[in-house]
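Undergrad: got a predicted structure plus its sequence, pasted below:
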Amino acid sequence: AQRVTQPEKLLSVFKGAPVELKCNYSYSGSPELFWYVQYSRQRLQLLLRHISRESIKGFTADLNKGETSFHLKKPFAQEEDSAMYYCALVGNAGNMLTFGGGTRLMVKP
Amino acid sequence: KAGVTQTPRYLIKTRGQQVTLSCSPISGHRSVSWYQQTPGQGLQFLFEYFSETQRNKGNFPGRFSGRQFSNSRSEMNVSTLELGDSALYLCASSFGEGTEAFFGQGTRLTVV
């Protein structure tokens, strides 16, 4: 069975502070890991995926297979980063996304 | 190009009724997945269709069903509605396996 865990439901930081949103997964094979973001009144959208190794909007995430983690990081949070963040994985069959419970990030001025 | 379109955006139904939700994927995308989003359970996978065939199915009762047409448009049906079916239903389309999923705005279903 595949499972994604995001231990923090809410993360509140001040503008300019570093941010780390935690994500742990369990999957017996080699999954594809993603971070999706949902800004207020907008649809769920892809932020980044581990295979592309890109930095999007200053966010990065490194897949740690030993710790089965895919934490999302940003060195300096901005107010516009306030949103709901979901970690998700796709296994070997199709496009079935298994989502974590989500973390609401609030960046205070 | 146009994004994923879901209709209707809002629905109010009575317990025991059935409902059909529609999803038009991005042109060229053959994979369509459905998810249920609730405050308590979060985002849960319902099913995925690829080229008119159900490829994956989540852990939902048989009252939840779906289909995909030759133009990749998809519908999901919920029969004998229960209060607990009240949720935001999201559709996502993808070009290939393990590729980015593009989500629609969702259909908010309220069962009274």
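TA: Alright, I've got the coordinates.
Undergrad: contacts only, for the residue nearest to B:Phe69 when sequence neighbours are not counted.
TA: Nearest non-adjacent residue to B:Phe69, counting by CB to CB, 6 or more residues apart in numbering or on different chains: B:Glu52, 6.9 Å away. Where C-beta positions appear, they are placed from N, C-alpha and C, glycine not excepted. Applying CB atoms under 8 Å, 6 or more residues apart in numbering or on different chains to B:Glu52 gives the contacts B:Arg67, B:Gln68, B:Phe69, B:Ser70.
Undergrad: show me which of those residues are buried.
TA: Among those, those classed as buried by 16 or more other CB atoms under 10 Å in any protein chain shown are B:Gln68.
Undergrad: chain A: which of the contacts of B:Glu52 is nearest?
TA: Using CB to the nearest CB, B:Gln68 comes nearest to chain A of the contacts of B:Glu52, at 12.9 Å.
Undergrad: surely that closest one and B:Ser33 touch.
TA: No: B:Gln68 sits out of contact with B:Ser33 when judged by CB atoms under 8 Å, with a separation of 10.5 Å.
Undergrad: overlap in contacts of the two?
TA: Common contacts of B:Gln68 and B:Ser33 (CB under 8 Å, 6+ apart): B:Tyr49.
Undergrad: got the contact list for residue 6?
TA: Reading this off chain A. So A:Gln6 contacts A:Leu21, A:Lys22, A:Cys23, A:Tyr85, A:Tyr86, A:Cys87, A:Gly100, A:Gly101, A:Gly102, A:Thr103 (CB under 8 Å, 6+ apart).
Undergrad: that was the other one, I meant chain B.
TA: Applying CB under 8 Å, 6+ apart, we find B:Gln6 in contact with B:Leu21, B:Ser22, B:Cys23, B:Ser24, B:Tyr89, B:Leu90, B:Cys91, B:Gly104, B:Gln105, B:Gly106, B:Thr107.
Undergrad: let's see that with 7 Å instead.
TA: Residues counted as contacts of B:Gln6 (CB atoms under 7 Å, 6 or more residues apart in numbering or on different chains) are B:Leu21, B:Ser22, B:Cys23, B:Cys91, B:Gly104, B:Gln105, B:Gly106, B:Thr107.
Undergrad: bridged to it, which residues?
TA: Beta bridges link B:Gln6 to B:Cys23 when assigned by DSSP bridges.
Undergrad: okay if I get the contacts of B:Gln6 as a markdown table plus secondary structure, neighbour count and pLDDT?
TA: Output for these, formatted as a markdown table (DSSP: H, G, I helix; E, B strand; the rest coil; neighbours: other CB atoms under 10 Å in any protein chain shown; pLDDT from 0 to 100):
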| residue | secondary structure | neighbour count | pLDDT |
| --- | --- | --- | --- |
| B:Leu21 | strand | 21 | 98 |
| B:Ser22 | strand | 15 | 98 |
| B:Cys23 | strand | 27 | 98 |
| B:Cys91 | strand | 29 | 98 |
| B:Gly104 | coil | 26 | 97 |
| B:Gln105 | coil | 18 | 96 |
| B:Gly106 | coil | 21 | 97 |
| B:Thr107 | strand | 21 | 98 |
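Undergrad: ok, the residues you listed vs A:His71, which is closest?
TA: If you rank those by distance to A:His71 using CB to CB, B:Gly106 comes first, at 27.6 Å.
Undergrad: tell me the contacts of the closest one?
TA: For B:Gly106, the contacting residues are B:Gln6, B:Leu88, B:Tyr89, B:Leu90, by CB under 7 Å, 6+ apart.
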